[in-house]
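Asker: After the sequence you'll find the predicted model.
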Amino acid sequence: MDELKFTLIDYLLNRLHFSKIEKRKEPDGDLKLKPVFQCTHHLNGNNAEVLLNVRIEADSLPFIVDVEYKGLFRFNQDTSSIAKDTLEKVIHINCAAQLFPAVRETIAEITRKAGFPPLILPPMNFVSLYNDSIGRKNLISPDTSSTLQYPEE
């Protein structure tokens, strides 16, 4: 079996939702955000369509933002011939990590355009997010979806 390789063919903004909540004031000081990451995928031959969704919502925020990017990845072999746990790891770690900079930039830009200071998410360690999700009783479900959340501080 050849070494598993993949290429990002294309990506696009699939969904964007931003709601300003008028009754909430802009917070003072540092924010304690816990973005929720959801990664889903659809397989077709040696292609994987990966959706990375990030939702940020908190009582302390005067807005809600929900961004989803879709990426098309091509593998060097048919996805049905790749071990399921290996494929899940590659998609939820490597593919998601390649889509994250676009999600991060979109969130920063949309919050800035809404009149707030840009909300810049820190770089993410998708290996840790994936491993934490596995440790929290398999948030990775058989329907090829996973929900990853910042760990409690």
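Answerer: It's in.
Asker: The residue nearest the centre of the chain: helix or strand, and which one exactly?
Answerer: Nearest residue to the geometric centre of the chain (CA atoms, centre = their mean): Leu52, 3.8 Å. Take DSSP states H and E as the rule and Leu52 turns out to sit in strand 47-56.
Asker: ok, now Leu13?
Answerer: Element membership of Leu13 [criterion: DSSP H and E] is strand 6-20.
Asker: buried set for the helix ranked longest in the chain?
Answerer: For the chain, the longest helix by residue count, based on DSSP state H, is helix 96-113. Neighbour-count burial for helix 96-113 flags Ala96, Ala97, Gln98, Leu99, Phe100, Ala102, Val103, Arg104, Thr106, Ile107, Ile110, Thr111 (criterion: 16 or more other CB atoms under 10 Å). Yep, even glycine has a C-beta here, placed from its N, CA and C like the rest.
Asker: could you give the angle of the strand holding Leu52 to strand 6-20?
Answerer: For strand 47-56 against strand 6-20, the angle by axes from the mean of the first three to the mean of the last three CA atoms, to 10 degrees is 30 degrees.
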